[in-house]
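> Predicted model follows, preceded by the sequence.
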Amino acid sequence: MSFRTTGPFHPVILDDVRGALKMLSGVARLTPMEGSRYLSGLVGSPVHLKCENLQRTGSFKLRGAYVRISGLRPEERAAGVVAASAGNHAQGVALASSLLGVRSTVFMPKGAPLPKVAATRDYGADVRLHGHVVDETLAAAEEYAHETGAVFIHPFDHPDIIAGQGTVGLEILEQCPEVRTIVVGMGGGGLAAGIAVGVKALRPDVRLIGVQAEGSAAYPPSLAAGRPVSIESPATMADGIKVGRPGDVPYALVEELVDEVRTVSEDELSSALLLCLERAKLVVEPAGASPVAALLSDPRAYQGPVVAVLSGGNVDPLLMQRILRHGMAAAGRYLSLRLRLPDRPGALATLLGVLSVADANVLDVGHVRTDPRLGLTEVEVELHLETKGPEHCAEVGAALREAGYQVAG
């Protein structure tokens, strides 16, 4: 699904982004641009991956945080800074503050992944766990700022933040001067807005596509209304773009400069993350994989050369495990099924023999004997299988039915 964008312009200009690029020299890495043969084949023209997942702290967030904190007056620096985040922005603020000698306090939800909490502390922040959702954490950070005088560092709704994120766009033009389309994930819109400012000023012919998760897509209704609007209960595995309302500052830029906003499903995000891992050998979080998901969902919609921005790689290992299984299932490479067996010795071995002949790899086997729907001499077996794709899944099902088994999905 796609939505066109029109509207007024907001005064964050190319000079701001150029100034941010100079400021970040020696601080932010010039992240690599990797070609993707597989995606290039699908799209029909060259596709390059801008690897911000390899940036310091694992995402682009350091860029905006450093520029924002660098611009504080001496008395503001003395008061310290405070932020609220479940991960990437937290780490960006923590490292930027440490580099600039500014005290930082970061509020994170109580359920934030432990690796992200540990990394934020290691970068030098005073981490405080508060609330169970980001809105509660945000309220706590704002209250702390009011009580202590610390400067609140918003993750996307500030011109300095946008200028810092926009340096990604200038790097893309330098690394891939022939680019015709840039695809970037969107939550609050800071990264897309910043890239748009830099790129459109220098190359107005380049098409900019923003990507949101279907369950957390606040930009389409906002663009339709002509102003930022909130959506209720945003839900997606892509926590980096799980934002219920666009920021006022980035919204104006997105409305004017971003050519189109597309949405992707959870299955498409899972498949994209799996593709990045298997084909590109890159660990990317779901939000960072959203541009790849958009390319997979409609590959012929993009004029190349295309640059997809992999915005971050901070994914919790447990979440990664679940996503990979989900992605394998979406790609037809992971099959779950249930069937009934006679409860007698050798019945399971016979079943496994059928699966072995069908070349299906058994990952897990579960038994249920206490279900009242089962007969006295029956047992239900739940199987999780690794397969080679949709055709192989069909072959496995056919082999089981031919052997006399009644299969339930």
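Ah, there it is. Quantities reported herein were computed from a predicted structural model and do not represent experimental measurements.

> low-scoring stretches of the stretch 201-350 of the chain, by residue?
Residues of the stretch 201-350 of the chain that meet the criterion pLDDT under 70 lie in 327.

> what's the average pLDDT for stretch 75-85?
Stretch 75-85 carries an average pLDDT of 96.

> Okay, buried residues for that stretch please.
Within stretch 75-85, the residues that qualify as buried are Arg77, Ala79, Gly80, Val81, Val82, Ala83, Ala84, Ser85, counting by 16 or more other Cβ atoms under 10 Å. In short, each C-beta sits where N, CA and C put it, glycine included.

> correct me, but the last one touches Val106?
When you say that, I think you mean Ser85. Yes: if you go by Cβ atoms under 8 Å, Ser85 and Val106 touch, sitting 6.6 Å apart.

> Overlap in contacts, the two.
Here Ser85 and Val106 have Val93 as joint contacts, going by Cβ atoms under 8 Å, 6 or more residues apart in numbering.

> returning to that earlier point: could I get the buried residues of stretch 75-85 in CSV, plus columns for secondary structure?
Below are the buried residues of stretch 75-85 laid out as CSV (DSSP: H, G, I helix; E, B strand; the rest coil):
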residue, secondary structure
Arg77, helix
Ala79, helix
Gly80, coil
Val81, strand
Val82, strand
Ala83, strand
Ala84, strand
Ser85, coil
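
> Setting the sequence-adjacent residues aside, check what's closest to Ser97.
Distances taken as Cβ to Cβ, 6 or more residues apart in numbering place Ser104 nearest to Ser97, at 3.6 Å, with adjacent residues excluded.

> hang on, that neighbour packs against Val127?
No: judged on Cβ under 8 Å, Ser104 makes no contact with Val127 at a distance of 9.5 Å.

> Would you map the helices across the stretch 201-350 of the chain?
Here the stretch 201-350 of the chain has its helices, by DSSP state H, counting those that start in this stretch, at 219-225, 248-257, 266-278, 286-297, 317-330, 347-357.

> do you know which of those lies nearest Val206?
Smallest distance to Val206 across the helices of the stretch 201-350 of the chain (Cβ to Cβ): 10.4 Å, for helix 248-257.

> Go through the closest one and flag the buried ones.
If you call a residue buried by 16+ other Cβ under 10 Å, then helix 248-257 has these buried ones: Val249, Pro250, Tyr251, Ala252, Leu253, Val254, Glu255, Glu256, Leu257.

> name the helices or strands packed onto that helix?
Here helix 248-257 touches helix 159-165, helix 190-202, helix 219-225, going by 3 or more Cβ pairs under 8 Å, 6 or more residues apart in numbering; DSSP states H and E.

> List of residues touching the longest one?
If I follow you right, that is helix 190-202. Outside helix 190-202, the residues touching it (Cβ under 8 Å, 6+ apart) are 12-14, 16-18, 60, 64, 155-157, 161-170, 172-173, 182, 184-186, 206, 208, 210, 247, 249-251, 253-254, 257-258, 309, 311.

> in that helix, what's buried?
Across helix 190-202, burial judged by 16+ other Cβ under 10 Å covers Gly190, Leu191, Ala192, Ala193, Gly194, Ile195, Ala196, Val197, Gly198, Val199, Lys200, Ala201.

> any idea which of these is the one closest to Ala349?
For the buried residues of helix 190-202, the minimum distance to Ala349 (Cβ to Cβ) is 54.4 Å, reached by Leu191.

> Can you tell me the closest non-neighbouring residue to the closest one?
Leaving aside its chain neighbours, Leu191 sits nearest to Gln165 (4.5 Å; criterion: Cβ to Cβ, 6+ apart).

> mind listing what the one you found touches?
So Gln165 contacts Phe60, Arg63, Gly64, Phe156, Gly190, Leu191, Ala193, Gly194, Ile195 (Cβ under 8 Å, 6+ apart).

> try Gly80
Per Cβ under 8 Å, 6+ apart, neighbours of Gly80: Val102, Arg103, Ser104, Thr105, Thr148, Ala150, Val151.
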